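> Got a predicted structure plus its sequence, pasted below:
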Amino acid sequence: MFTIDQLSLQLPLYASWWKREWVTCLDNVSLAFATGEVHALVGASGAGKSLLAYAMMGLLPAHAHLTGQLYYQDALLGESLQRRLRGRELALIPQSLSALDPLVRTQRQVAWAAQRAGYSSAHAWQASQQSLDHYQLHGRAQQAYAHELSGGMARRVLTAMAHVSQAQLVIADEPTVGLDPHQRQRVLSAFRELADQGKTVILVTHDLRHALPIADRVTIMRNGKPVETASASAFQGQGSSLSSAYAQALWLALPDNDFSTHAGSQAQQTEQESTVA
Ligand SMILES: Nc1ncnc2c1ncn2[C@@H]1O[C@H](COP(=O)(O)OP(=O)(O)OP(=O)(O)O)[C@@H](O)[C@H]1O
Ligand code: NI
């Protein structure tokens, strides 16, 4: 439903005020996202995940050098179509909390997002209430300004804004940073539900552990390039179904990996069986 074809991005880096160099931040990226999938985009800090999300949404800085093509539902996605679809068919949960308007109360911001997505103003208010409730932002949090919210609450407001838009494609950029395990679980389950309803969710994260339980597929990014796209089920045991050494290393480096190895899960299973018995 969304295809990235040979996308490259250069941005200027000012070594000093007179010396400008162009740095390649995305390097010939080709990827395809399917309807109904949660597709995790995983990589270390600086791998280019957020820039790829911005490129897909058409939100790069004006001076960016971008080459390659994007297609949304087989249509070539140019700037004007991106502008038209943004906030409607395409939604971004940005990594930066500064995306919230500091002068507008929480619920009004979510209601605006709903209106932009096509709700009438009366329905938008109701939808915003439901969406905020869904992410456990009740009462005072709904009437708060951005500076009165904790980091985790602000992130959930951004998630509620994307959710209320009913977009076909949701790109969630590090949506669980600052959330406690319970809230994280809630947000991740909501993404899984969206995908099960036929939406496409791109989950951008540096933490493979959070992505795997809900993802169908995982793309590992490194230095502006996708290293490998694999089914989430390939991340198991010693990672021998993974084709790249980097993806394997990322998998094996997980702290609780011992539990996820084949031997580990067998051991767990035996333990569970003996408990049940
Ligand atoms: N506006 C910009 N101008 C110049 N370089 C940039 C700009 N934004 C990002 N970069 C560079 O591009 C690279 C990729 O950045 P990006 O924010 O996409 O990484 P990321 O994978 O999202 O990392 P993180 O996990 O820390 O969010 C980094 O090296 C960064 O320094
Ligand atoms: Ni990022």
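Structure's in. What do you need? Ligands and ions are numbered 1, 2, ... in the order given.
> In PDB, could you pull the C-alpha coordinates for the helix or strand Gln130 falls within?
With elements delineated by DSSP states H and E, Gln130 resides in helix 121-134, which encompasses its position. Extracted as PDB, the C-alpha positions of helix 121-134 are listed here (Å, rounded to 0.1, in the frame of the first residue of the first chain):
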ATOM      1  CA  SER A 121     -17.100  19.900  14.800                       C
ATOM      2  CA  ALA A 122     -19.700  18.200  17.100                       C
ATOM      3  CA  HIS A 123     -18.500  14.700  16.300                       C
ATOM      4  CA  ALA A 124     -14.900  15.800  16.500                       C
ATOM      5  CA  TRP A 125     -15.300  16.700  20.100                       C
ATOM      6  CA  GLN A 126     -16.900  13.400  20.900                       C
ATOM      7  CA  ALA A 127     -14.300  11.400  19.000                       C
ATOM      8  CA  SER A 128     -11.500  13.300  20.700                       C
ATOM      9  CA  GLN A 129     -12.900  12.400  24.100                       C
ATOM     10  CA  GLN A 130     -13.100   8.700  23.200                       C
ATOM     11  CA  SER A 131      -9.600   8.700  21.800                       C
ATOM     12  CA  LEU A 132      -8.200  10.400  24.900                       C
ATOM     13  CA  ASP A 133     -10.100   8.000  27.100                       C
ATOM     14  CA  HIS A 134      -8.600   5.100  25.100                       C
END
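> same question for it, mean pLDDT?
Per-residue pLDDT values across helix 121-134 average out to 94.
> and that helix, what does it pack onto?
In this structure, helix 121-134 makes packing contacts with helix 106-116, helix 139-143, helix 151-164, judged by 3 or more C-beta pairs under 8 Å, 6 or more residues apart in numbering; DSSP states H and E. Placement of C-beta: from N, CA and C, glycine included.
> Nearest to ligand 2 among the ones you listed would be which one?
For those, distance to ligand 2 was read as C-beta to the ion. The smallest value, 13.4 Å, belongs to helix 151-164.
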